[in-house]
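Enquirer: Sharing a sequence plus its predicted fold:
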Amino acid sequence: MRRIIVVFAIFVVSVSLYGQKVRYGQQLPDAKSGVDYPIQAHIYAVHLRTECTQSPCTDVVYSDALVNGKRLEFRSNSYLPYISQTISLGDYRARIVKAASRSSAGEIGDTYELVVQGNKTLRCVVTGIAE
């Protein structure tokens, strides 16, 4: 009996580990009040690319942005079926959530949070830099 309870507890804990990920159909989180978004990002291109790193293949949204005079490529953290309608060309407020290094912003690996339409936030990772 004790073994069944232990197995059940391990199952419940392992299932709850995946509870924090964004799932298909789950809405984007709202922008938090009182949080400063000091960076102006201009999205000038949006791409939908298929990635087959997992089964089944998923479409991931990439966008090209001009941030502080640098051309950056953003990759959305997770696939959402309606994200291509949420992010369109234009200006957005942003902030750096996690910097890859302390030297300067706008490097590959930096994580940005954009305030998109409907006062929702979209986390993106810098995957490319252009001149």
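Expert: Structure received.
Enquirer: residues in contact with the longest strand along the chain?
Expert: Longest strand of the chain, by residue count under DSSP state E: strand 39-51. For strand 39-51, the external contacting residues (C-beta atoms under 8 Å, 6 or more residues apart in numbering) are 57-68, 84, 87-96, 105, 112, 114. No exception for glycine: its C-beta is placed from N, CA and C like everyone else's.
Enquirer: Now, those residues that are in strands?
Expert: Checked against DSSP E, the contacts of strand 39-51 include these in strands: 58-67, 90-96, 112, 114.
Enquirer: Restricted to buried residues, select those in PyMOL.
Expert: Buried subset of the ones in strands among the contacts of strand 39-51, written as a PyMOL selection, criterion 16 or more other C-beta atoms under 10 Å:
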select buried, resi 60+61+62+63+64+65+67+92+93+94+95+96+112+114
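Enquirer: element containing the closest residue to K120 other than its chain neighbours?
Expert: Closest residue to K120 apart from its sequence neighbours, by C-beta to C-beta, 6 or more residues apart in numbering: L28 at 3.9 Å. For L28, there is no host helix or strand (DSSP states H and E).
Enquirer: before we move on, the earlier item: centre of the chain versus the longest strand of the chain, how much separation?
Expert: Distance of strand 39-51 from its chain centroid, counting by C-alpha atoms, centre = their mean, to the nearest Å, is 11 Å.
Enquirer: that older thread, could you measure the residue nearest to K120 against S101, distance?
Expert: The spacing between L28 and S101, counted by C-beta to C-beta, to the nearest Å, is 28 Å.
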